[in-house]
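Student: for reference, the sequence and a predicted model appear below.
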Amino acid sequence: MQHYKIVDVFTHQAFSGAQITVFPDAGSLNDEQMQSIAKEINHSESVFVLPGQANATPELKIFSPTGPRPAGSHSCVAAAYVLAEGGHFEFTENNCHTQLTHGGAALDISLHRDGEKLHTQLSRQLQPQIDRYVPDNKELQGILGLGDHDIEQLKSRSLFVSCDTPYLIVPLRSMDAVYRARFNAEAWAQSSASSIPLSEILLYCREAEHPMADFHLRLLGPQISPQEDPPVGASVPAFAAFLREVQQLGEGSHNFWVERGKQSARQSLLKVEMLYKASAPLTVKVGGDAVLVGEGKLFAI
């Protein structure tokens, strides 16, 4: 029998944000069982917490209904929130700094209690890879099913950015364009960049609903249905590296907020802190609030 908790991430209210299922004691499960459970639960992602070697740093394994997923900030925040509320971490004056692991890599986590709220932040040091060889705007219009005036061409440009996972990041001029976009696999296959491995396209615009948000983000791709608006946490480090490149940001700290989803449909709000030094890896911190909305037991395992 496996216990699980359902957490809404990057929101301060239930039934909003990214819906993540966390199994806090999954050491007895193998990968095949985890994948079957993730498919059965059918949330955007399910996170399985293993004790780690010698019961040291907890290890995360993350699955969507269709396969393994990278360690996005949404899944890490959900796991850290559940472990913290379960008493697995020690706090000093309402603060805790700890680590989780995923795929052998350490994930630095900071937590801060503010009354009943628990703010959680994932910090990563990155060596982003940036490729300017992207489909031209005419090709992008076909790939995304958009018109001549939907893609931003004056204030930004499209780039491939990889921080472990490659994303084609495309600036659009409005939220309307963001939500009209539909991935066209045939147009991608015929494009000049068809030989580049691609799993997801990150669309963004400067128009946003939430008054604190600086950017609105949405993911598209061959494995994402047109009706989906999946969590963007895993793509945010690449987006931060993208902004540093296209805006030619100088050394120092740069903070901004991004939103995913509409207020009527599980909107998420993520705080991003970026520290850039030319002689050091890019540091990106992504954080937000989380809410426990449910828990249960799985008897079939």
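Tutor: Received the coordinates, thanks.
Student: now do the strands in the stretch 101-250 of the chain.
Tutor: With DSSP state E, counting those that start in this stretch, the ranges of strands along the stretch 101-250 of the chain come out as 105-114, 117-126, 129-131, 159-163, 165-171, 200-205, 215-220.
Student: can you put the ones you listed in TSV and add mean pLDDT, distance to Thr21 and mean neighbour count?
Tutor: Every C-beta, even on glycine, is put in place using the N, C-alpha and C of the backbone. TSV is the format used below for those (pLDDT from 0 to 100; distance: least, C-beta to C-beta, whole Å; neighbours: other C-beta atoms under 10 Å):
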stretch	mean pLDDT	distance to Thr21	mean neighbour count
strand 105-114	94	19	16
strand 117-126	95	17	19
strand 129-131	95	32	14
strand 159-163	95	25	21
strand 165-171	96	21	22
strand 200-205	98	21	22
strand 215-220	98	19	23
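Student: tell me which of the ones you listed sits nearest to Val47.
Tutor: With C-beta to C-beta, the closest approach to Val47 among the strands of the stretch 101-250 of the chain belongs to strand 105-114: 11.8 Å.
Student: what helices or strands is the closest one leaning on?
Tutor: helix 73-85, strand 95-102, strand 117-126 (3 or more C-beta pairs under 8 Å, 6 or more residues apart in numbering; DSSP states H and E).
Student: quick one: strands adjacent to that strand?
Tutor: Its sheet considered, strand 105-114 pairs with strand 95-102 (antiparallel), strand 117-126 (antiparallel) by DSSP bridges.
Student: contacts only, for Leu50.
Tutor: If a contact means C-beta atoms under 8 Å, 6 or more residues apart in numbering, then Leu50 has 26-27, 58-61 as its contacts.
Student: how many other residues sit next to Asn255?
Tutor: Neighbour count for Asn255, taken as other C-beta atoms under 10 Å: 11.
Student: kindly indicate whether it is helix, strand or coil.
Tutor: At Asn255 the chain is in strand, as set by DSSP: H, G, I helix; E, B strand; the rest coil.
Student: next: the one 10 residues further on.
Tutor: Secondary structure of Ala265, reduced to three states by three-state DSSP: coil.
Student: quick check, pLDDT for the spatially closest residue to it that is not a sequence neighbour.
Tutor: Among residues not flanking Ala265 along the chain, Asp229 sits closest, at 6.8 Å (C-beta to C-beta, 6 or more residues apart in numbering). We note a pLDDT of 93 for Asp229 in this prediction.
Student: Asp229 touches Gly261, doesn't it?
Tutor: Yes - if you go by C-beta atoms under 8 Å, Asp229 and Gly261 touch, sitting 5.1 Å apart.
Student: quick one: low-confidence parts of the stretch 1-150 of the chain?
Tutor: Within the stretch 1-150 of the chain, the stretches with pLDDT under 70 are 53-55.
Student: the contacts of Leu50: which two are farthest apart?
Tutor: Farthest pair in the contacts of Leu50 (C-beta to C-beta) is Gly27 and Leu60. Separation: 12.1 Å.
Student: just the helices in the stretch 151-300 of the chain please.
Tutor: Assigned by DSSP state H, counting those that start in this stretch, the stretch 151-300 of the chain shows helices spanning 175-180, 185-189, 236-246.
Student: go through these and pick out the most buried.
Tutor: Most buried of the helices of the stretch 151-300 of the chain, by mean neighbour count (mean count of other C-beta atoms under 10 Å): helix 236-246, with a mean of 24.
Student: contacting residues around that one?
Tutor: Contacts with helix 236-246, where a contact means C-beta under 8 Å, 6+ apart, come from 72-73, 124, 126, 128, 130, 156-157, 159, 161-163, 165, 167, 169, 202, 204, 215, 217, 232, 249, 254, 256, 258, 270, 272, 274, 276, 282, 284, 286.
Student: also compute the angle for that helix relative to strand 117-126, please.
Tutor: Interaxial angle of helix 236-246 relative to strand 117-126 (axes from the mean of the first three to the mean of the last three C-alpha atoms, to 10 degrees): 60 degrees.
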